[in-house]
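Participant: Turn this into a model:
(2 chains)
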Amino acid sequence: DVKVTQSSRYLVKRTGEKVFLECVQDMDHENMFWYRQDPGLGLRLIYFSYDVKMKEKGDIPEGYSVSREKKERFSLILESASTNQTSMYLCASRVMREAFFGQGTRLTVV
Amino acid sequence: AQSVTQPDIHITVSEGASLELRCNYSYGATPYLFWYVQSPGQGLQLLLKYFSGDTLVQGIKGFEAEFKRSQSSFNLRKPSVHWSDAAEYFCAVGGLGTNDYKLSFGAGTTVTVRA
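Facilitator: Residues are numbered from 1 along each chain as shown, chains lettered A, B, ... in the order given. Predicted coordinates for the structure are as follows:
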């Protein structure tokens, strides 16, 4: 079975902190994604990557950056966390016919 | 630009009754279409997917969906709902091309099942 692992289930960070969310997949997928999930808004795409060191902005990239130095790992970075970035963050990896999701990281910025 | 619309934010259905969740998409070419389910506190689970061929696709847990190109729709159905089907359901659209990786989701439909 494909496994997508997010390093933390719950995080609490302070405003202004630099935050790293890590995601690792074990199936050699080229495509990886970061979404944030908010009630009533569904999943909104922040960034995606289609290969090592390659990235593209999604629909809501402001305030975020990403890093993909190795194929299996895709990191989401909040350069200076703000309270409006409190959310559930979901990582996914995709082959053409299916996307596999991690369990999510619930980030609270105080 | 690709997008997904799920017109129903919340649906309440009686156990044993039928369920239909609506999904409309916008995409410039032939899409990949997906339905995912998220139970409370859980991750997203794939229910079913459509790429080509038969426009009626069967999924897990007794769900099916029908692709209607003329209506740009991919509605999800279940003939008889169980209490365990209470969850949030997401429709998604993605590209077929090797340079089109983006997967876009709708806002979701929350299903409540009453006894």
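
Participant: Got phi/psi on the residue nearest to B:Y27 when sequence neighbours are not counted?
Facilitator: Among residues not flanking B:Y27 along the chain, B:Q2 sits closest, at 4.7 Å (Cβ to Cβ, 6 or more residues apart in numbering or on different chains). C-beta coordinates here come from the backbone N, C-alpha and C atoms, glycine included. With angles defined as degrees, to the nearest 10, B:Q2 sits at phi -90, psi 150.

Participant: Where does pLDDT dip in chain B?
Facilitator: B:96-100 (pLDDT under 70).

Participant: Return the residues of it in contact with chain A.
Facilitator: By the rule Cβ under 8 Å from any Cβ of the partner chain, the part of chain B lying against chain A is B:6, B:9, B:32, B:34, B:36, B:42-44, B:46, B:49, B:51, B:90, B:92, B:94, B:96, B:101-108.

Participant: Among the residues you listed, name the ones in strands.
Facilitator: Counted as lying in strands by DSSP state E, out of the residues of chain B next to chain A, are B:Y32, B:F34, B:Y36, B:L44, B:L46, B:K49, B:F90, B:A92, B:G94, B:L103, B:S104, B:F105.

Participant: out of these, which is most surrounded?
Facilitator: B:F34 (27 neighbours; other Cβ atoms under 10 Å in any protein chain shown).

Participant: residues touching the residue nearest to it when sequence neighbours are not counted, list them.
Facilitator: Closest residue in space to B:F34, ignoring its immediate chain neighbours: B:A92 at 4.3 Å, by Cβ to Cβ, 6+ apart. With Cβ atoms under 8 Å, 6 or more residues apart in numbering or on different chains as the criterion, the residues that contact B:A92 are A:L43, A:A99, B:V4, B:L33, B:F34, B:W35, B:Y36, B:L103, B:S104, B:F105, B:G106.

Participant: Which two of the residues you listed have the greatest separation?
Facilitator: Maximum pairwise distance in the contacts of B:A92, criterion Cβ to Cβ, is 15.2 Å, between A:L43 and B:L33.

Participant: ok, these two, which is more surrounded?
Facilitator: Applying other Cβ under 10 Å to A:L43 and B:L33 shows that A:L43 carries more neighbours, namely 27 against 22.

Participant: if I look at the residue nearest to the spatial centre of chain B, how far off is A:V19?
Facilitator: In chain B, the residue lying closest to the centroid (Cα atoms, centre = their mean) is B:W35, at 3.3 Å. From B:W35 over to A:V19 the distance is 32 Å, taken as Cβ to Cβ, to the nearest Å.
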